[in-house]
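Q: For reference, the sequence and a predicted model appear below.
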Amino acid sequence: MSGALFLCLGFLSFPAQEGEEVEAPARAPRLESLQAQVDLAKAEKSKARGLKGGARIRQLEAAGLAYAGVAHWWPGPGKLQAEASYRRGEIHRILGKSGQARGAFIEVLDWGRGTDWYPRAWLELGHLRRRSGEWGRALRRYRDLAQMENSRLRYRNDGREWLGRSHLKLGNWVEAAGPFREWALQAEGPVEAVRAWDLCAQSLLLAGKPKEAEQVMQRTLEAYSRMATDPTPEGAALKKALSRMKTPDLLKEREEVERSEK
């Protein structure tokens, strides 16, 4: 099959029911192995780098079609299948096709148990719910990810961070502080810990607990200020993280307001 004919077939579509998104039934041609099929899809995706506008959209659609070929020709559980479904979900998300993105990420959950793609897809499903305003479902996704014991700490912390951020967005100040505290205690490095403690303190301050917020800030500064003076890239990154904390300024603003009201 010629490349031109393949691309033409790839963009054929069929009418969808009202409110429903469907993928085109055309697929990439079957290659000699699963690895070759995945490599083809990766090559198609890499072609989108540097492109803009319609050219980028068309190339991403071609890449999505190639990744769909993996699921079509080599279905079943496995790390490569899960990766292909995840990448297809990413492409659909970028193109604004949230329904198709959700379907691809759910496919990852079916095929990617025991791989890093599983918690990553779980997080993306939470993001999709959050962006569509389905806060209850988003919170459940993030909470479940935070408690996913068989996943790496990095992904559990992603769940804690976004559970806290979602509560913060909803104005659930007390509920936000808990996940941020857990994230800070489980942080994989000092920069991450500073970010988490800062968000925890902000939540406490917004919840009307300024003394607790100030205590969190003081402990954070005491724990990391000396490390931030190290003449290393890590020390410089930590110094930058400390300088970006919002809680100290928020506490000062609160004190000024209280003094002006007396």
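A: That came through, no problem. Numbers count the residues shown, from 1 in each chain.

Q: drop to CA atoms for contacts and neighbour counts, all remaining ones
A: Fine.

Q: quick one: average pLDDT of the helix or strand containing Arg254?
A: Here Arg254 sits within helix 247-261, counting by DSSP states H and E. Averaged across helix 247-261, pLDDT comes to 84.

Q: just stretch 47-64 next, same as before
A: 96.

Q: same deal with stretch 163-175?
A: On average, stretch 163-175 scores 97.

Q: starting at the chain centroid, how far to that stretch?
A: Offset of stretch 163-175 from its chain centre (CA atoms, centre = their mean, to the nearest Å): 17 Å.

Q: That stretch: which residues count as buried?
A: Within stretch 163-175, the residues that count as buried by 16 or more other CA atoms under 10 Å are Leu163, Gly164, Arg165, Ser166, His167, Leu168, Asn172, Trp173, Val174, Glu175.

Q: For the third one, give its distance to Ser98.
A: Taking CA to CA, to the nearest Å as the measure, Arg165 and Ser98 are separated by 21 Å.

Q: now do the last one
A: Taking CA to CA as the criterion, Glu175 is separated from Ser98 by 28 Å.

Q: The second one too?
A: According to CA to CA, Gly164 stands 23 Å off from Ser98.

Q: what angle sits between the helix or strand containing Ala196 and helix 247-261?
A: Element membership for Ala196, per DSSP H and E: helix 190-206. If you take axes from the mean of the first three to the mean of the last three CA atoms, to 10 degrees, helix 190-206 sits at 20 degrees to helix 247-261.

Q: Helix 190-206 - contacts with which helices or strands?
A: With contacts taken as 3 or more CA pairs under 8 Å, 6 or more residues apart in numbering; DSSP states H and E, helix 190-206 sits against helix 173-185, helix 210-224, helix 233-243, helix 247-261.

Q: re the thing from before, residues touching the helix holding Arg254, excluding its own?
A: For helix 247-261, the external contacting residues (CA atoms under 8 Å, 6 or more residues apart in numbering) are Asp198, Leu199, Ala201, Gln202, Leu205, Pro210, Ala213, Glu214, Met217.

Q: Export it to CSV, keeping only CA atoms.
A: Extracted in CSV, the C-alpha atoms of helix 247-261 (Å, rounded to 0.1, in the frame of the first residue of the first chain):
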residue,chain,number,x,y,z
THR,A,247,3.4,31.3,52.3
PRO,A,248,5.8,33.8,53.9
ASP,A,249,4.4,36.7,51.8
LEU,A,250,0.8,35.5,52.6
LEU,A,251,1.6,35.5,56.3
LYS,A,252,3.0,39.0,56.1
GLU,A,253,-0.1,40.2,54.2
ARG,A,254,-2.3,38.7,56.9
GLU,A,255,-0.3,40.4,59.7
GLU,A,256,-0.6,43.7,57.9
VAL,A,257,-4.3,43.3,57.6
GLU,A,258,-4.7,42.4,61.2
ARG,A,259,-2.6,45.5,62.3
SER,A,260,-4.7,47.8,60.1
GLU,A,261,-7.9,46.5,61.6
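
Q: please renumber so the chain begins at 450
A: All set: I'll call the first residue 450, so the last point we hit is now helix 696-710.

Q: Report the distance from that helix to the chain centre.
A: Distance of helix 696-710 from the chain centroid (CA atoms, centre = their mean) equals 34 Å.

Q: Please apply the same query to stretch 557-575.
A: Worked out by CA atoms, centre = their mean, stretch 557-575 lies 11 Å from the chain centre.
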